[in-house]
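Q: next one to model:
(one chain, ligands or ions: 1)
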Amino acid sequence: MNRSVLFQRFVLFGRLNLSRAHYLWPHKLQTVNTMHSAVKILQVSFGILYLGMPEFIPKTFKSIINKMKFIDPWFWNKYTLNPYNGCQFGCIYCDARSARYYMPEDFDNKIIIKQNVATMLDKRVSGARTFLPDVVALGGVTDPYQPAEKRFENTRSCLKILAKHRYPVHIITKSTLVLRDLELLEKIGRNAWCSVSITLPTTNEKAARFLDNHAPAPARRLDVIRQIKQRCKHIQTGVLLIPLVPFITDSNSDLTDIARKTQSVGADYLLFGGGMTMRDQQALWFLQHLKQCLPDLLEKYEQLYSFKYTPEKYAGRYQPTSGYLLPKHRKLFELCRESKLPFRIKRFIPEDDRKLNYQVSERLFEEVFVAQMLGGNWYNLSWVAQNIQNLTEPLEAIIQRNELGKICNVRGAILEKIKILAVELAAKQRPG
Ligand code: SF4
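A: Numbers count the residues shown, from 1 in each chain. Have a look, this model is predicted:
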């Protein structure tokens, strides 16, 4: 076993035990925090390494922004941008730990700081003919306002470039640091579109200490929304209740509390959907913590995700069964209705030839979302919405030529639905 493996085990052991202490004995938190501060003081005084201290690794990449073939119909982004790899918040369920994201092995402690992000982004956005202003999501994989941002300001540098080119922006974060950039985000909102989504799987402080102990506490995250609503007219903001963590954040009283608090801070939406995903090393990481801190739940997870626990390999389901999810989604729709909270984010609508295409696809995607959440038929309609979204000419022109049926997957009742929607939405745009 080499030194780095030994060190990782040491760090993991420390983290597991801190999480366990926080979760099982919350009344002792004060003591734990005091000890933590004492260790930090020792670190500063003697230059020794303290558990969880991140290593920042500068790295140059070929590209900083990624253009997607199909938009994300929940977050509305066409582009993704992650100023950092790795995430200091280190939430134990984080999907970015899975192999498909190629993150550093020590995800919470080795943070890759992408170099020259502003210059690269400026060059890419101004130089490419195929780039049209559309929503850029920051935070789809790692948090753009994790503590490293305070020092390196990669996110802020990218926002300045996006503001210059009038690109709409969607920030997804758990951090209060986003408040630092409100002026810039408000400018983006005024000139294009801006949404700030605060990820909040639970309002229960004890559960949060287990799940995302290094991120700001739930009440502080909710306060970010309150402050944005008080200070910014052009920023849309709300809660992402994603993911639902089975048996930990999903009771009726948990969900009711989150809806009530989301409404009380004046949020524009409460977006939910799906249970915690589990795959490869991310699942193992989560289960390791579960076994340490909440061993009584392990068997329930084995049943829900159909696996038998071993620390070496995860071979269970990716998502909980629909038998588990549907009642949760029904409850959340009911709570949104009662609290008058939209469950969708209002999308960016460009004022050019794409306008009607985007409006029609927004409505279709909403129908898809509801069907998806409630176990209806949505697959074909989802492709129709994506195909309309990706048209290279205005929908009006296609309807006028009577060629709607030439769009892939558009036929029968769906074709008629699109005609009706297009007429209705076009009428709303006409003055008077
Ligand atoms: S804040 Fe988001 S990206 Fe960072 S670890 Fe938590 S879930 Fe993952």
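Q: list the contacts of the closest residue to the ligand within the stretch 251-400 of the chain.
A: Residue nearest to the ligand within the stretch 251-400 of the chain: Q282 (9.6 Å; Cβ to the nearest ligand atom). Placement of C-beta: from N, CA and C, glycine included. By Cβ atoms under 8 Å, 6 or more residues apart in numbering, the residues touching Q282 are Y93, C94, D95, A96, R97, S98.
Q: pLDDT value on the closest residue to the last one other than its chain neighbours, please?
A: When the adjacent residues along the chain are set aside, S98 lies closest to Q282, with 4.1 Å between them (Cβ to Cβ, 6 or more residues apart in numbering). Q282 is assigned a pLDDT of 95 by the prediction.
Q: tell me if Q282 really is in a helix.
A: Yes - under DSSP: H, G, I helix; E, B strand; the rest coil, Q282 falls within a helix.
Q: the contacts of Q282 in strands, which ones?
A: Taking DSSP state E, every one of those sits outside strands.
Q: contacts with the ligand among those residues, please.
A: Among the contacts of Q282, the ones lying near the ligand by Cβ under 6 Å from any ligand atom are C94, A96.
Q: can you select the buried ones from the contacts of Q282 in PyMOL?
A: Remark: buried members of the contacts of Q282, expressed as a PyMOL selection using 16 or more other Cβ atoms under 10 Å:
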select buried, resi 93+94+95+96+97+98
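Q: could you show me where the helices are in the stretch 301-432 of the chain, in order?
A: Applying DSSP state H, counting those that start in this stretch to the stretch 301-432 of the chain gives helices spanning 322-339, 355-374, 379-389, 395-400, 412-429.
Q: reformat the contacts of Q282 as CSV; add pLDDT.
A: CSV is the format used below for those (pLDDT from 0 to 100):
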residue, pLDDT
Y93, 96
C94, 95
D95, 92
A96, 91
R97, 91
S98, 88
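Q: list just the nearest of the contacts of Q282 to D257.
A: Nearest to D257, judged by Cβ to Cβ, of the contacts of Q282 is Y93 at 19.5 Å.
Q: thought P246 was touching that closest one, still the case?
A: No - the pair Y93 / P246 is not scored as a contact, 10.4 Å apart, by Cβ atoms under 8 Å.
Q: thinking again about what came up before, in CSV, list the helices of the stretch 301-432 of the chain along with mean neighbour count and distance to the ligand.
A: Formatted as CSV, the helices of the stretch 301-432 of the chain follow (neighbours: other Cβ atoms under 10 Å; distance: least, Cβ to the nearest ligand atom, whole Å):
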stretch, mean neighbour count, distance to the ligand
helix 322-339, 16, 19
helix 355-374, 20, 21
helix 379-389, 19, 25
helix 395-400, 16, 36
helix 412-429, 13, 35
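Q: let's have the ones you listed in CSV, adding mean pLDDT and distance to M278.
A: As requested, the helices of the stretch 301-432 of the chain are exported to CSV (pLDDT from 0 to 100; distance: least, Cβ to Cβ, whole Å):
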stretch, mean pLDDT, distance to M278
helix 322-339, 97, 13
helix 355-374, 97, 19
helix 379-389, 97, 23
helix 395-400, 94, 40
helix 412-429, 91, 34
